[in-house]
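In: sequence isn't available, so here's the structure alone:
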């Protein structure tokens, strides 16, 4: 009888333990994915991204240049918007509904060139990036990243590029 009681107790413990589910976020795309979770508890926080971009082609505009009206390079402004959705996002420190990264990519189509540039955008074109690009090989890129979470309207972007200099 004692042996039968132990078997029943052991069977009950095993059955109970196997029915226990570890609750958590089971969505692999969530920022708070729990690989140990076997039952989704609705706590997933999902990050989605949206990209928009605008480009400006850089041509050699010097009539005395042997490369006159040739494509020398390009400046591309990319805006990436991150949004977080889910009931637990604010509890996890993702309280901001959106955050933006703005990236400026400068590339060249001609070898060994340099030029000055200025890019302005945002409310009242308040965000300005300016400098000199020195590009030594085809398709080299200089990237500037802004992660200040400001809302930028890249549709109002203005570009100002100085003369292309062949080194």
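Out: Great, that's in hand. A quick note: this is a predicted structure, and the numbers were derived from the prediction, not measured.
In: any low-confidence regions in the chain?
Out: The model of the chain has pLDDT under 70 over residues 1-21, 95-99, 122-126, 145-152.
In: can you pull out the helices in it?
Out: Secondary structure of the chain (DSSP state H): helices at 2-19.
In: so which residues of it form strands?
Out: All strands of the chain, identified by DSSP state E, fall at 23-24, 39-40, 46-59, 71-85, 98-108, 113-121, 127-135, 141-146, 158-161, 165-166.
In: surely residue 73 touches residue 113?
Out: Yes. Residue 73 is within contact range of residue 113, at 6.7 Å (criterion: CB atoms under 8 Å). To be clear about C-beta, it is placed using only N, CA and C from the backbone, and glycine gets the same treatment.
In: tell me, what's touching the two both at once?
Out: Listed as contacting both residue 73 and residue 113 by CB atoms under 8 Å, 6 or more residues apart in numbering are 133, 135, 164.
In: and of these, the nearest to residue 53?
Out: residue 133 (18.0 Å; CB to CB).
In: beta partners for the residue lying closest to the closest one once chain neighbours are set aside?
Out: Excluding its sequence neighbours, the residue lying closest to residue 133 (CB to CB, 6 or more residues apart in numbering) is residue 106, at 4.8 Å. Here residue 106 sits in beta bridges with residue 75, residue 142, going by DSSP bridges.
In: partner residues bridging residue 160?
Out: Listed by DSSP bridges, the beta-bridge partners for residue 160 are residue 118.
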